[in-house]
Structure formats: C-alpha cells, structure tokens
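[1] Any chance you can model this:
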Amino acid sequence: MAVAFREVDFPPLKGFTAAAPDGAIVGIIGENGAGKCPLLRLASGLEQPAAGEVVIRGAARFLGPDAALDLEGSDVLLLDQTLARHDAIRRAQAVIKMESARRRGATILFVSHEEELLRTLCDEIWWLDGGCLAASGDPSEVLEKYRRHVADRLRRWGQTVTLPLSPSLRRGDGRAELLSVETLDAAGRPNMVWQSGEAVAVRVLVRFRSTVEDPVVGIMIRTRIGFEVFGTNTELERVRLGPCREGDVLSVLFSFRCELCPQEYTLTAASHDPNGVWHDWMEDAVAFAVADSRYTAGVANLRAQVSVDR
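    Presented below is the predicted three-dimensional model:
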C-alpha cells in the first residue's frame with residue numbers, strides 16, 4: 001500500500017484506519033471540518049499524528065487549493081481542492097496528467113466536492129464524517145450514501161429555518177392580504193427543504209380586508225431561473241371559498257407528492273377574483289429546495305422503471 005493510516009489520532013481524526021493502494025485515485029469527501037485536509041497533510045508528511053501511524057511509500061507531495069497543477073515526479077500526490085479554482089482547459093489537462101500518474105503507479109488522494117468529477121475519475125472514495133471513516137469503496141455506492149446523508153442534514157436544517165416573505169414583486173387591489181406562505185413536509189411541519197418523493201403541502205394564509213364574493217387562491221412553483229414547473233388554484237381544484245367577509249382569515253392547504261428533481265425552487269402565491277383581478281399577488285414569495293439521495297437530471301422526477309429483454 002502506498003499510503004496507510006493505522007489508528008491515527010490527529011484532530012479531528014479519531015482512530016482513523018484506511019489504506020490507499022499503488023496506482024489508484026482515491027476521492028475524499030465530507031463536510032467541512034470532517035478531517036479531509038488534515039488527512040492529506042498527514043499523508044504528505046507535513047504533520048505528524050498524535051497517536052497511531054502513517055506509512056508513506058515513496059515521495060509524497062501536497063498541493064493546496066492555490067497550488068500550480070504540477071503533477072509530475074511524485075509517488076504520492078495529495079490534492080486538496082486543487083482543481084476547483086482553475087479554468088476548464090487547465091482542469092482537463094490536470095485530469096489527463098492524473099490518469100498518466102496513476103498508470104505509472106502513483107497514488108493520488110483527491111479532496112473535492114464535485115460529485116461528477118469524483119464519480120468518473122476515482123477508483124474508490126473515502127467519506128469522512130466527524131473525523132471517522134463513514135464509508136469507503138465503489139464511488140457510486142459511497143456517493144449515494146453521502147448524498148442521502150446530505151439530504152437528511154438539509155431536511156433537518158430546513159425545519160429550523162423560517163424565512164420572511166420576500167416577493168420579487170407584489171401587486172393587487174388590497175381586498176385581501178397574504179399573511180404567510182409555508183412549505184410543509186410529510187409530517188406537516190414547516191420545512192424549506194422537501195425530500196423528493198415525499199408527500200408535501202403548501203399552506204397559504206389569507207386575510208380579507210373587504211367582502212369578496214368568490215375569491216380564488218393559487219400557487220405556482222418555478223425553478224430558480226423562472227421556468228414554470230407546476231401551478232394550480234382553488235378554482236381549478238373545484239373548491240369554492242366565498243363569500244368571504246371583512247376580517248375573515250382562510251388557511252388554504254395544497255397537498256401533493258413532491259415528484260421534483262433536487263434543486264432550488266421559488267413559490268408564488270395569490271388571491272384573486274375568478275376573472276383574474278388580483279387582491280394580493282406575491283411573486284416568488286418564498287424559496288425552497290428539494291433534496292434526494294440520488295442524482296436525477298431535469299425538473300420532473302418521473303422515477304422510471306427499467307426493464308431489459310434479450
């Protein structure tokens with residue numbers, strides 16, 4: 001093995017044990033503070049462990065985020081986000097050089113947050129979590145576990161965040177006022193991060209400032225670049241709200257399954273007459289995100305089933 005860590009303690013690393021073989025590119029992932037950079041500095045000999053042993057076979061070199069992409073002449077290369085700040089041409093050149101170094105038997109430990117690069121370039125991936133090795137092995141399998149972890153963390157964080165209404169545009173004649181627009185998770189809790197595939201809801205709270213005989217409340221989901229993904233309203237869903245008198249407050253709940261791909265979205269909400277005259281229209285009233293444990297492209301997560309006949 002070109003690099004071996006044996007029960008290594010070096011904060012935040014705790015009892016860390018792993019080995020990287022000759023002629024392999026090992027991707028290293030994890031949240032900030034998980035121990036990725038300390039691991040590389042130990043492997044390069046720049047730091048010594050407080051306990052345990054680091055075995056390095058051959059000459060090792062550490063390249064940080066701002067280092068030149070000099071990948072020649074070392075048996076062990078330790079890259080800490082070294083490709084992240086370079087342009088597309090230099091990155092492509094570096095990838096070719098990394099492949100060449102691997103073929104001559106060099107071992108490369110490569111820290112990156114770029115999932116597609118890790119999947120295509122690495123022979124195996126180590127996932128560090130809190131200074132420990134959470135998973136290692138096949139890139140696709142480890143990346144899926146890490147994505148599930150990230151999605152869970154995001155959803156837990158989404159429960160703790162309450163963002164004020166901040167529409168990019170607000171208009172209407174004032175006969176009604178949107179008091180709140182909330183995204184709810186499967187448990188009915190306010191959550192600005194949805195899990196793809198779960199049952200979710202949007203709750204719109206409306207207060208009427210004057211009598212409206214037949215109000216309509218609607219929502220529209222858009223991508224962050226303004227592409228319309230889904231929209232509906234109480235009239236389309238055949239739910240009659242009126243008549244509503246001055247001071248009446250309605251809580252309108254739109255429930256559906258979140259069949260969206262992971263990315264960021266905005267939510268527009270409105271109260272208006274059936275003929276389209278707005279009482280209160282809030283464009284991009286709130287932002288939310290969708291997370292998932294696996295990569296899917298596009299907007300609609302159609303969850304395709306694949307069969308093969310031979």
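[2] In the chain, where is pLDDT below threshold?
    Residue ranges of the chain with pLDDT under 70: 1.
[3] could you pull out the strands for the stretch 1-150 of the chain?
    Applying DSSP state E, counting those that start in this stretch to the stretch 1-150 of the chain gives strands spanning 3-10, 13-20, 25-29, 51-56, 60-63, 76-80, 107-111, 124-129, 132-137.
[4] Would you convert the ones you listed into CSV that also reports mean neighbour count and distance to residue 255?
    Where you see a C-beta, it was placed from the backbone N, CA and C, and this is true even at glycine. Below are the strands of the stretch 1-150 of the chain laid out as CSV (neighbours: other C-beta atoms under 10 Å; distance: least, C-beta to C-beta, whole Å):
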stretch, mean neighbour count, distance to residue 255
strand 3-10, 19, 50
strand 13-20, 18, 45
strand 25-29, 25, 36
strand 51-56, 15, 53
strand 60-63, 21, 51
strand 76-80, 25, 46
strand 107-111, 25, 42
strand 124-129, 22, 35
strand 132-137, 16, 35
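[5] any chance of the ones you listed in CSV, plus distance to residue 191?
    Converted to CSV, those look like this (distance: least, C-beta to C-beta, whole Å):
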stretch, distance to residue 191
strand 3-10, 37
strand 13-20, 32
strand 25-29, 25
strand 51-56, 41
strand 60-63, 40
strand 76-80, 34
strand 107-111, 31
strand 124-129, 23
strand 132-137, 25
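[6] which one of those lies closest to residue 153?
    Among the strands of the stretch 1-150 of the chain, the nearest to residue 153 by C-beta to C-beta is strand 124-129 (10.4 Å).
[7] what residues does that closest one touch?
    Strand 124-129 is contacted by residues 18, 24, 26-31, 34-36, 39, 118, 133-139, 142-143, 145-146, 149 when judged by C-beta atoms under 8 Å, 6 or more residues apart in numbering.
[8] helices or strands up against the strand ranked longest in the chain?
    Across the chain, the longest stretch assigned as strand under DSSP state E is strand 278-291. Judged by 3 or more C-beta pairs under 8 Å, 6 or more residues apart in numbering; DSSP states H and E, the packing partners of strand 278-291 are helix 139-160, strand 169-171, strand 176-184, strand 193-195, strand 263-272.
[9] Looking at the ones you listed, which is nearest to residue 308?
    The closest of these to residue 308 is helix 139-160. By C-beta to C-beta, the value is 19.0 Å.
[10] tell me the angle of that closest one relative to strand 132-137?
    Inter-element angle recorded for helix 139-160 and strand 132-137: 140 degrees (by axes from the mean of the first three to the mean of the last three C-alpha atoms, to 10 degrees).
[11] Could I have the CA atoms of helix 139-160 written out in PDB?
    What follows is helix 139-160, C-alpha atoms only, in PDB (Å, rounded to 0.1, in the frame of the first residue of the first chain):
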ATOM      1  CA  PRO A 139     -17.600   5.600  -6.000                       C
ATOM      2  CA  SER A 140     -21.200   5.300  -7.000                       C
ATOM      3  CA  GLU A 141     -22.200   3.500  -3.800                       C
ATOM      4  CA  VAL A 142     -20.300   5.800  -1.400                       C
ATOM      5  CA  LEU A 143     -21.600   8.900  -3.200                       C
ATOM      6  CA  GLU A 144     -25.200   7.700  -2.900                       C
ATOM      7  CA  LYS A 145     -24.700   7.200   0.900                       C
ATOM      8  CA  TYR A 146     -23.200  10.600   1.100                       C
ATOM      9  CA  ARG A 147     -26.000  12.200  -0.800                       C
ATOM     10  CA  ARG A 148     -28.500  10.500   1.500                       C
ATOM     11  CA  HIS A 149     -26.600  12.000   4.500                       C
ATOM     12  CA  VAL A 150     -26.500  15.500   2.900                       C
ATOM     13  CA  ALA A 151     -30.200  15.300   2.100                       C
ATOM     14  CA  ASP A 152     -31.100  14.300   5.700                       C
ATOM     15  CA  ARG A 153     -28.900  17.100   7.100                       C
ATOM     16  CA  LEU A 154     -30.600  19.600   4.700                       C
ATOM     17  CA  ARG A 155     -34.100  18.500   5.700                       C
ATOM     18  CA  ARG A 156     -33.300  18.800   9.400                       C
ATOM     19  CA  TRP A 157     -31.800  22.200   8.800                       C
ATOM     20  CA  GLY A 158     -34.900  23.200   6.800                       C
ATOM     21  CA  GLN A 159     -37.100  22.600   9.800                       C
ATOM     22  CA  THR A 160     -35.100  25.100  11.800                       C
END
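[12] Pull out the buried residues from it.
    139, 142, 143, 145, 146, 147, 149, 150, 151, 154, 155, 158 (16 or more other C-beta atoms under 10 Å).
[13] what's the answer for stretch 176-187, then?
    By neighbour count on 16+ other C-beta under 10 Å, the buried set for stretch 176-187 is 176, 177, 178, 180, 181, 182, 183, 184, 185, 186.
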